[in-house]
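J.: Make a model of this:
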Amino acid sequence: MSEREPERLFVYGTLRPGDCRWELLEPYVSDSGIEDTVAGTLYDTGLDYPAAVFGGSTLIRGIHFGLSQGTREEALRELDIVEDTVDGLYRRVRVTTSGGTEVWAYEYGDGLELTVIPSGDWFARS
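T.: Predicted coordinates for the structure are as follows:
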């Protein structure tokens, strides 16, 4: 991994456009996003939001956005607070997408009953 901080954020669940928390992220994005995947497993928490565990041989579908340079630190600070307040306590980690882009993403912590989403896509869960 590079020493530079990632300038993009990969989102796979409720922060994606069209879901309930997109409005938290939207003011901070600098582009229309790039659809991509990241190695990992996506889970349904049963609480109307997903959980991701990165690594492994399956893929999580999502989109990554550039974060506006002038507000990037503010965006990450606010999202860190939001993600740390939900059940399961998420943490921000660096991951590399299948397309080769280093991004920030939020990874699940511990303590919830999880069900695998086989498609790896929160929007295609059944």
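
J.: Can you check which strand is longest in the protein?
T.: In the chain, assigned by DSSP state E, the strand with the most residues is strand 50-66.

J.: Give the buried residues for that one.
T.: When burial is assessed from 16 or more other CB atoms under 10 Å, strand 50-66 yields the following buried residues: 50-52, 54, 58-66. No exception for glycine: its C-beta is placed from N, CA and C like everyone else's.

J.: Out of the residues you listed, which is nearest to residue 106?
T.: Nearest to residue 106 among the buried residues of strand 50-66 is residue 52, at 7.2 Å by CB to CB.

J.: Would you map the strands across the protein?
T.: Going by DSSP E, the chain shows strands at 8-11, 34-44, 50-66, 91-96, 102-107, 115-116.

J.: These into a markdown table, with extra columns for mean pLDDT and distance to residue 75?
T.: Shown next, in a markdown table, are these (pLDDT from 0 to 100; distance: least, CB to CB, whole Å):
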| stretch | mean pLDDT | distance to residue 75 |
| --- | --- | --- |
| strand 8-11 | 98 | 8 |
| strand 34-44 | 98 | 17 |
| strand 50-66 | 97 | 10 |
| strand 91-96 | 97 | 11 |
| strand 102-107 | 98 | 10 |
| strand 115-116 | 98 | 30 |
